[in-house]
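Visitor: Sequence and predicted model, in that order:
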Amino acid sequence: MNCLEFRRLKLTEPYCVSKEAALHASNCPGCSRFQQETNELDDSLRTALTVEVPEGLAAKVILNQSLKHNPRRPTRRYWLSLAASFLIAITLIPFLPTQTLDAEIITHLDHEAHQVHGKSGDIDNGEVANVLLAAGGEINDSLGTVTYASKCMMDDQLIAHFVVKNGNETYTLMLIPEEIDNIIPFQSERWHGLIVPHAAGSLAVIASRQTGSSVDFLQLAERYSTAIKRSSI
Amino acid sequence: MSNKVITNMATKENRYENLVTAYSPWLYRYAYWLSGEKAAAEDLVQETFLRAWRFLDSLKDEGSAKSWLTTILRRENARKYERKQFQYSDVDTDSIAMEPTEFDARPEVSALRIALKGLPGKYREPLVLQVLEGYSLDEIAHMFELPRNTVATRLHRARQKLRSVLQEDKIKHQEFR
């Protein structure tokens, strides 16, 4: 082992004890001093990195979890306030602008359509994986040719938005954190598509109305549901 | 609810509480050096454990719990950073100033903290894992899904930068004496 190798080892793995390194240090005063300095640096680093943990952090985490997953038994007052809220809600609902998931998707597509058309070229798998990760997904199987990949905000949720090619046709895929119970078909003037439940969220497959009405969305949804999996954490 | 379900829930809760008690201090320290803020670090720990509760059944080996939780925290931080980019696209998280801290305030330790703050995240993260928790190069490479040599280079550069900062600091102190 020469001086360069020894010093590289000490800066990379200072705790690595090898016979070769020990032998070199015992025969080289310069490297022996370097080793001592590196050990001192790491001791100081450990002190510098050790920040105080807030008191009662573990208890707060456990309490937070139990409140989220075991809500308090509802009291009479709770039911009364719930009933009042319900009355107010049904009175106001007709006057409030509400958007369902399919409407949000259509709004998002209309808003982003110019960007989709502005992008060209193939997106590599690394970028696809990166976008999926942000929305809690992973590549399980190839999505085919991806020509657009973007992390987007839709109703305060981070979604993965892709444009993929399947044969001669182009489809939009969206991996959405919102969970749904049933398949939702939808259409607007410009788009038609299907939202399907997908692990702890949903997956939307959308086509332009110009693609025609013969699109087998169920088959496409099945294909892309298999190609994308939800990350296990 | 059947007895079996109640027993399973009790087991899950015990398991969860053990994890929180054992690993929340480590996760908080790691989160602090990822985010640079006390409040953000605490939020990250809370979110990490909430996600851990949801996916606790997927943790088969208790021995890998720390790596599992650390990975969840890294992903939570990445998600948070993504959301933040949409909300405050002009904010560079690397430049967020550290909050004042009330721990060890010796000059060389303070200089190191400032130097650590100035290190790019890609250098600081593996260093925190190695120095604070003794993770090996291979373990860090596996966790970051990076080649071993890339992590080695980052650790090498991180220590080189810190050494040079400390040396400059020493020279400054000698000049003032």
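Guide: Yep, it's here.
Visitor: How much space separates the residue nearest the centre of chain B from residue B:124?
Guide: For chain B, residue B:30 is the residue whose C-alpha lies nearest the centre (Cα atoms, centre = their mean; 2.3 Å). Counting by Cβ to Cβ, to the nearest Å, the gap from residue B:30 to residue B:124 is 11 Å. C-betas here are computed from N, CA, C, even on glycine.
Visitor: ditto for residue A:223
Guide: Distance from residue A:223 to residue B:124, by Cβ to Cβ: 41 Å.
Visitor: swap in residue A:57?
Guide: Applying Cβ to Cβ to residue A:57 and residue B:124 gives a distance of 22 Å.
Visitor: Would you agree residue A:14 is in contact with residue A:38?
Guide: Yes: between residue A:14 and residue A:38 there is a contact at 5.2 Å, judged by Cβ atoms under 8 Å.
Visitor: secondary structure element for the residue nearest to the centre of chain B?
Guide: For residue B:30, the host element (DSSP states H and E) is helix B:3-35.
Visitor: Can you give me the buried ones in that helix?
Guide: B:13, B:15-17, B:19-20, B:23-35 (16 or more other Cβ atoms under 10 Å in any protein chain shown).
Visitor: Check these one by one and keep those near chain A.
Guide: Subset of the buried residues of helix B:3-35 in contact with chain A: B:16, B:17, B:20, B:24, B:25, B:28, B:29, B:32, B:33, counting by Cβ under 8 Å from any Cβ of the partner chain.
Visitor: Surely residue A:148 is in a strand?
Guide: Yes: with DSSP: H, G, I helix; E, B strand; the rest coil as the criterion, residue A:148 is part of a strand.
Visitor: Hmm, it is touching residue A:121, no?
Guide: No: using Cβ under 8 Å, residue A:148 is not in contact with residue A:121; the gap is 9.5 Å.
Visitor: So for the two, which residue has more residues nearby?
Guide: Set residue A:148 next to residue A:121 and count neighbours by other Cβ atoms under 10 Å in any protein chain shown: residue A:148 wins out with 21 against 9.
Visitor: What pLDDT does the model give that one?
Guide: At residue A:148, the pLDDT value in this model is 88.
Visitor: Count the neighbours of the residue nearest to it when sequence neighbours are not counted for me.
Guide: Nearest in space to residue A:148, with sequence neighbours left out and distances taken as Cβ to Cβ, 6 or more residues apart in numbering or on different chains, is residue A:163 at 3.7 Å. By other Cβ under 10 Å, the residues close to residue A:163 number 20.
Visitor: and residue A:163, bridged to which residues?
Guide: In this structure, residue A:163 bridges to residue A:148, residue A:172 when assessed by DSSP bridges.
Visitor: Please apply the same query to residue A:158.
Guide: residue A:153.
Visitor: quick one, domains of chain A?
Guide: Domain assignment for chain A, taken from automatic domain parsing, gives A:1-70, A:101-230.
Visitor: Name the surrounding residues that touch the strand or helix carrying residue A:38.
Guide: Assigned by DSSP H and E, residue A:38 falls within helix A:29-49. Residues outside helix A:29-49 that contact it (Cβ atoms under 8 Å, 6 or more residues apart in numbering or on different chains): A:3, A:6-7, A:10-11, A:14, A:24-26, B:29, B:33, B:104, B:108-109, B:112-113, B:116, B:127-128, B:131-132, B:159, B:162-163, B:166.
Visitor: again, 6 Å this time
Guide: Identification of contacts with helix A:29-49 by Cβ atoms under 6 Å, 6 or more residues apart in numbering or on different chains yields A:3, A:6-7, A:10, A:14, A:25, B:104, B:108-109, B:112-113, B:128, B:131-132.
Visitor: Looking at the residues you listed, which is nearest residue A:134?
Guide: Of all those, the one with the least separation from residue A:134 (Cβ to Cβ) is residue B:128, at 22.9 Å.
Visitor: Secondary structure element holding the closest one?
Guide: Short version, using DSSP H and E: residue B:128 is in helix B:121-133.
Visitor: At which residues are the strands of chain A located?
Guide: A:137-139, A:145-154, A:157-166, A:169-176, A:184-187, A:191-198, A:201-208, A:228-230 (DSSP state E).
Visitor: right, and the helix or strand after the least confident helix or strand in chain B by mean pLDDT?
Guide: Within chain B, no helix or strand scores below helix B:65-87, which has a mean of 79 by mean pLDDT, DSSP states H and E. For helix B:65-87, the following helix or strand on the C-terminal side (DSSP H and E) is helix B:107-118.
Visitor: Could you check that following helix against chain A for contacts?
Guide: Yes: Helix B:107-118 lies within reach of chain A by Cβ under 6 Å from any Cβ of the partner chain, at B:108, B:109, B:112, B:113.
Visitor: residues contacting the second one?
Guide: Residues touching residue B:109, when contacts are defined by Cβ under 6 Å, 6+ apart, comprise A:47, A:48.
Visitor: quick one on the thing from earlier: who has more neighbours, residue A:223 and residue B:124?
Guide: residue B:124 (22 against 16).
Visitor: Read off the pLDDT value for that one.
Guide: The predicted local confidence for residue B:124 is 92.
Visitor: Quick check: pLDDT value at residue 111.
Guide: This is for chain A. 80.
Visitor: try again with chain B
Guide: So residue B:111 comes in at 81 (pLDDT).
Visitor: what do you get for residue A:206?
Guide: 93.
Visitor: contacting residues for the nearest residue to it once chain neighbours are set aside?
Guide: Nearest residue to residue A:206, sequence neighbours excluded (Cβ to Cβ, 6+ apart): residue A:193, at 3.4 Å. Shown in contact with residue A:193 (Cβ under 6 Å, 6+ apart): A:186, A:204, A:205, A:206.
Visitor: Look up how far chain B lies from the first one.
Guide: Here the criterion is Cβ to the nearest Cβ, to the nearest Å. By it, residue A:186 lies 25 Å from chain B.
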